[in-house]
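Novice: Requesting a structural model of the entry that follows:
(one chain, ligands or ions: 1)
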Amino acid sequence: MQIQKLPDGTEIHWDGKHYDADNAKYSVDIPFYLNEACKAKGPVLEIACGTGRLTIPVANAGVDVTGLDITKSMLDAAKLKARRAGLKIKWFRADCRSFDLHRKFKLIFTPFNSMLHLHDHRSLDRFFTCVKKHLLPGGRFIFDIFNPDPGFIAAHQDKEYPIGKYTDPYTGKQITETENYFYDRAMQGTNNTWNYYSGGKLLYRRRLRMRCFYPQELELLLSYNGFKVIHKYGDFNREPFKSESRQQIIVAARQR
Ligand SMILES: C[S@@+](CC[C@H](N)C(=O)[O-])C[C@H]1O[C@@H](n2cnc3c(N)ncnc32)[C@H](O)[C@@H]1O
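Specialist: Numbers count the residues shown, from 1 in each chain. Below is the predicted model of the structure:
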């Protein structure tokens, strides 16, 4: 099977149907993004939209939404679901660091840790430049990423531990997923391996690479790239961000 790797070497988004089966229970962010998309009162762009897990509910609420992603299999799954639901969504296959849709949006959002695939400053600068170029005046840029927990990272390093179970969408087999990783201090992120088992037998392994963005560093990066932070939440109930928050949820606007 041909696996499409992300530019950062990540392999876990190789199949949209596996992704949907694996993430079927993750929905805590949907009301938040739905609310922001309806509030935007204008066109919305989801960057790194994947299989449309959020794009589709947003379109279903009557919002003019566009989805952009680099992975063909993820977009294929998104298009199929949208077609079946009778929704008109514009989909683009592109790298989030170098796209031009010749259109501007009232809201651009990049959910579910997708920015963690951008590891170096050049990638981030290019990504932020594309976001700014596509934002309408008064528009918002919203994203959520993990709040890195050095205690957790140190405690789990080099240990294989379970992370989930799902049914293989093609074979109907029960898949058990485990993870192990090491933290690369130069890259400032984790090199993870996800192991997929069925009936106790290892089926395959996939790589995942994720940069950590520490809270103070993130605010500097946004400021240096011309964004001002309007809100910073620690969860999707809009609790203020604090040390123990699992997420960093940023609502930003262009300042130049
Ligand atoms: C965790 S998934 C999120 C998908 C979807 N937004 C969701 O919430 O379910 C991350 C997505 O980022 C996409 N991605 C990673 N690097 C990208 C890049 N350089 N350009 C565009 N998309 C990228 C992957 O293809 C994948 O679909």
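Novice: residue contacts, the residue lying closest to T51 once chain neighbours are set aside?
Specialist: Using CB to CB, 6 or more residues apart in numbering and skipping residues adjacent in sequence, the residue nearest T51 is A77, 4.1 Å away. Where you see a C-beta, it was placed from the backbone N, CA and C, and this is true even at glycine. By CB atoms under 8 Å, 6 or more residues apart in numbering, the contact set of A77 is G16, K17, Y19, D20, T51, G52.
Novice: Check the secondary structure at A77 for me.
Specialist: helix (DSSP: H, G, I helix; E, B strand; the rest coil).
Novice: if we can go back for a sec, I would like a PyMOL command selecting only the buried ones among the contacts of A77, please.
Specialist: Buried residues among the contacts of A77 (16 or more other CB atoms under 10 Å), as a PyMOL selection:
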select buried, resi 16+17+19+20+51+52
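Novice: Which strands or helices does whichever strand or helix holds F182 pack on?
Specialist: Using DSSP states H and E, F182 sits in strand 174-184. The contact analysis (3 or more CB pairs under 8 Å, 6 or more residues apart in numbering; DSSP states H and E) places strand 174-184 against helix 150-156, strand 161-167, strand 189-198.
Novice: For stretch 193-207, buried residues please.
Specialist: T193, W194, N195, Y196, Y197, R206, R207.
Novice: mind checking how far the nearest residue to the last one once chain neighbours are set aside is from L220?
Specialist: The shortest distance from R207 to any residue that is not its chain neighbour, by CB to CB, 6+ apart, is 4.8 Å, and that residue is E11. According to CB to CB, to the nearest Å, E11 stands 31 Å off from L220.
Novice: Between the two, which is the more surrounded one?
Specialist: Higher neighbour count among E11 and L220: E11, with 17 against 11, using other CB atoms under 10 Å.
Novice: Contacts only, for that one.
Specialist: I3, K5, R206, R207, L208.
Novice: Any chance of CSV for the buried residues of stretch 193-207, columns distance to P240 and pLDDT?
Specialist: Formatted as CSV, the buried residues of stretch 193-207 follow (distance: CB to CB, whole Å; pLDDT from 0 to 100):
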residue, distance to P240, pLDDT
T193, 35, 97
W194, 33, 97
N195, 37, 98
Y196, 38, 98
Y197, 40, 98
R206, 36, 97
R207, 35, 97
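Novice: Now for those residues: which two are most distant?
Specialist: Greatest spacing in the buried residues of stretch 193-207, by CB to CB: Y197 and R207 (16.7 Å).
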